[in-house]
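1. give me the fold of what follows.
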Amino acid sequence: SDRADVAAALQTAVPEHAEGYALNVSRSGAPLGRVALGGADAAGQYYAVQTLRQLFVPAGDGDWRIAGATVRDYPAMPLRGTIEGFYGQPWSHQERLNQLAFYGAVKANTYIYAPKDDPYHRERWREAYPATKLAELSDLVDQAAAHHVRFTFALSPGNTICYSGAADRAALLAKFQSMYDIGVRAYSIPLDDISLRFNCPEDSARYGAANQGSVGRAQAELLSHVQDAFVDTHEGTQALQTVPTQYGDLSETAYKQSWRTYLDPEVVVMWTGTAVVPPSITISEAEQVSQLFGRKVFVWDNYPVNDYGNTSGRLLLAPYDKREAGLSEHLAGIVSNPMNQAAASKIAIFGFADFTWNDRDYDPARNWREAMRHLSGGDAAATAALLVFGDLNHLAPSFGAPWQPQAPVLDAAIQAFWTAWQAGDRDAAL
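-> Predicted coordinates:
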């Protein structure tokens, strides 16, 4: 804080780090004690309040007290949150509003609007949103800003776009301009789940036959054009984000070589790990992919998304896990691709928020218990019930193979029962 009285009351320096804050709650300094909050910026001040909320404890007879504490904190990763990027029924408007408030409470700062089944996001990307839908998007932008969440608008034109065509480039910028006019300041052009092909004779004439290298160059030049012609010319905008067509491996290809050569260094590249749903993500893998794309990548983590294979319709409630401590030094950030079920997704998102804020001290089991307590409102019985329900919906699959066990608590109890039973200790077994 730049106020001397606040700085003195804090008894610790506010971190000189974006979104950092300091907080001090003490009995001294005033008859009823003193609470001091300071932030490196507006987001830091907001996060200081979120931490203060956690210090309120019931004192009986409906009264509350504030636990004494001194906190100095800031996030390990600059981008933390979710990408609504799944197939199937998108979240409702009310679910999105609720999610954005939840993100603020858990100190997540990113929401990427990219629902595959929004026709104006993908197949009808050139068309303007109808007035009613535009009004909803405007509401979301305002709600995000109120909770210090970066609303990122994604447009996915890859199935039909003419990469070098003047008309399509103008249509893309016009769509982004309509979003800028309602307050959007962050943009993404995902190019995932499309064929490496050309959709117009202009591209074939400019780049030659469609192959990994030529299509990769066409995509990179389109993205660089958007960064140069739109992002760099509009006040307050963040660097353009994108998802490459080759988004889930560590192999060297002509496609990635084209991106290293032709993609503007400011553009943020997303990566899903070593598979669409990776069993783990390590520092070594992050270093390798950074070399492949020529920059730190932004991880699109496909958990707890359930729009594929044997996960369809299942609730995936296992804790966020198998991501190596220290990744914060090698990534631009991580976002979760959640489930179609917005409320149930909060369990995993709680873990994402915790890991991306402080990956080195992240404890999956402790976080999972705290997620249930948070979602129950602190009610002990409801928390216990949620823990049982979560254990029974624990499977976290990677295409065909689980990377977390199903019902680990129940399984341990069953194994203990049979161990005691087979040892002849019937009383212990029962």
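
2. contacts and neighbour counts: CA atoms only from here.
-> OK.

3. tell me the mean pLDDT for stretch 173-181?
-> The average pLDDT within stretch 173-181 is 98.

4. for stretch 19-38, same thing?
-> Stretch 19-38 comes out at a mean pLDDT of 89.

5. buried sites along it?
-> Going by neighbour count (16 or more other C-alpha atoms under 10 Å), the buried part of stretch 19-38 is Glu19, Gly20, Tyr21, Ala22, Leu23, Asn24, Val25, Ser26, Val35, Ala36, Leu37, Gly38.

6. need the helices for the stretch 301-430 of the chain, in chain order.
-> Assigned by DSSP state H, counting those that start in this stretch, the helices in the stretch 301-430 of the chain fall at 342-357, 364-375, 380-392, 408-422, 426-429.

7. try the stretch 101-250 of the chain
-> 131-146, 166-180, 201-207, 212-229.

8. so what's the residue count around the closest residue to Pro408 other than its chain neighbours?
-> Residue nearest to Pro408 in three dimensions, not counting chain neighbours: Asp391, with 6.6 Å by C-alpha to C-alpha, 6 or more residues apart in numbering. Residues near Asp391, counting by other C-alpha atoms under 10 Å, number 21.

9. ok, so what distance separates Asp391 from Leu240?
-> 39 Å (C-alpha to C-alpha, to the nearest Å).

10. surely Asp117 is in contact with Gly85?
-> No - under the criterion of C-alpha atoms under 8 Å, Asp117 makes no contact with Gly85, lying 9.1 Å away.

11. who has more neighbours, the two?
-> Shown here are Asp117 and Gly85; by other C-alpha under 10 Å, Gly85 has more neighbours (23 against 15).

12. list the contacts of that one.
-> Ile112, Tyr113, Ala114, Pro115, Lys116, Asn337, Pro338 (C-alpha atoms under 8 Å, 6 or more residues apart in numbering).

13. which residues does the fourth one contact?
-> Residues in contact with Pro115, defined by C-alpha under 8 Å, 6+ apart, are Glu84, Gly85, Phe86, Tyr87, Pro90, His121.

14. which stretches in the stretch 201-350 of the chain count as strands?
-> Applying DSSP state E, counting those that start in this stretch to the stretch 201-350 of the chain gives strands spanning 241-243, 268-271, 297-301, 331-336.

15. out of the helices of the stretch 101-250 of the chain, nearest to Pro304?
-> Between Pro304 and the helices of the stretch 101-250 of the chain, the shortest separation by C-alpha to C-alpha is 22.0 Å, and it involves helix 131-146.

16. quick one: list the elements packing against that closest one.
-> helix 93-105, strand 150-154 (3 or more C-alpha pairs under 8 Å, 6 or more residues apart in numbering; DSSP states H and E).

17. just send the ones you listed back as TSV, with mean neighbour count too.
-> What follows is those, written out as TSV (neighbours: other C-alpha atoms under 10 Å):
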stretch	mean neighbour count
helix 93-105	18
strand 150-154	23
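
18. can I get the ones you listed in TSV with mean pLDDT and distance to Thr282?
-> Shown next, in TSV, are the helices and strands packed on helix 131-146 (pLDDT from 0 to 100; distance: least, C-alpha to C-alpha, whole Å):
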stretch	mean pLDDT	distance to Thr282
helix 93-105	98	25
strand 150-154	98	27
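
19. so for Val267, which of the ones you listed sits nearest?
-> strand 150-154 (13.8 Å).

20. who does that closest one touch, helix- and strand-wise?
-> So strand 150-154, by 3+ C-alpha pairs under 8 Å, 6+ apart, packs with strand 110-113, helix 131-146, strand 186-190.

21. at 6 Å what do you get?
-> Under the contact criterion of 3 or more C-alpha pairs under 6 Å, 6 or more residues apart in numbering; DSSP states H and E, strand 150-154 touches strand 110-113, strand 186-190.

22. tell me the angle the longest one makes with helix 212-229.
-> An angle of 160 degrees separates the directions of strand 186-190 and helix 212-229 when computed by axes from the mean of the first three to the mean of the last three C-alpha atoms, to 10 degrees.

23. partner strands of strand 186-190 and their direction?
-> strand 150-154 (parallel), strand 241-243 (parallel) (DSSP bridges).
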